[in-house]
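Participant: attaching a predicted model along with its sequence, questions to come.
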Amino acid sequence: MNTPYYAGLLEHRLLAGHCEECGVWHTPLRSRCPSCWSATVAPKEVSGHGHIHVLTLLHQGPPGVPYSPPWPLAAIELAEQPGLRVAATLVDTPIEHQRIGQAVELAWIERDGAPWPAFRAVVQ
Ligand SMILES: [Zn+2]
């Protein structure tokens, strides 16, 4: 079920499930729409725009990750739909812009040699 999602990442495309019947988006990918139960759902690329909905600053965790300054882990609410969220880290974002409500855009980092989605603050 998640194969299209990960194939999209390899092409630097962030995908979410989209219902062709009612238009509702969802993550992760599912075989049925969680809103109307239609089976006419398909992976669709999102714009990559959104805002920080929840932010956690990690001071410790798995090895191989720098935790000084703390490593940001955010729930990003995507612009496509209220409640459509993905978890990602923040890059190129000064600490003063690491805050709930901050506008962000999709960026890409490399993880174990493969593209991985991250977000950066959009500062006007
Ligand atoms: Zn639906």
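Facilitator: Structure's in. What do you need? Numbering: from 1, shown residues only.
Participant: okay, and L9 sits in which element?
Facilitator: Using DSSP states H and E, L9 sits within helix 3-10.
Participant: for the residue lying closest to E45 once chain neighbours are set aside, give me the pLDDT.
Facilitator: Residue nearest to E45 in three dimensions, not counting chain neighbours: R13, with 4.9 Å by CB to CB, 6 or more residues apart in numbering. No exception for glycine: its C-beta is placed from N, CA and C like everyone else's. For R13, the pLDDT comes out at 98.
Participant: wait, isn't R13 in contact with P43?
Facilitator: No: using CB atoms under 8 Å, R13 is not in contact with P43, being 9.1 Å away.
Participant: picking up where we left off before, how far away is the residue nearest to E45 from L55?
Facilitator: 25 Å (CB to CB, to the nearest Å).
Participant: please apply the same query to C22.
Facilitator: 31 Å.
Participant: of those two, who's got more company?
Facilitator: L55 (16 against 13; other CB atoms under 10 Å).
Participant: A strand includes that one, no?
Facilitator: Yes: per DSSP: H, G, I helix; E, B strand; the rest coil, L55 lies within a strand segment.
Participant: give the bridge partners for it, please.
Facilitator: Per DSSP bridges, the residues bridged to L55 are A74.
Participant: quick one, grab the pLDDT at it.
Facilitator: pLDDT at L55 comes out at 98.
Participant: equivalent analysis for P66, please.
Facilitator: 83.
Participant: state the distance from it to H53.
Facilitator: Counting by CB to CB - P66 and H53 are separated by 24 Å.
Participant: of the two, who's got more company?
Facilitator: H53 (16 against 7).
Participant: the more buried one - nearest residue in space that isn't next to it in sequence?
Facilitator: E77 (4.1 Å).
Participant: hang on, the earlier thing: which positions within the helix holding L9 qualify as buried?
Facilitator: Neighbour counts using 16 or more other CB atoms under 10 Å place 5, 8-9 of helix 3-10 among the buried residues.
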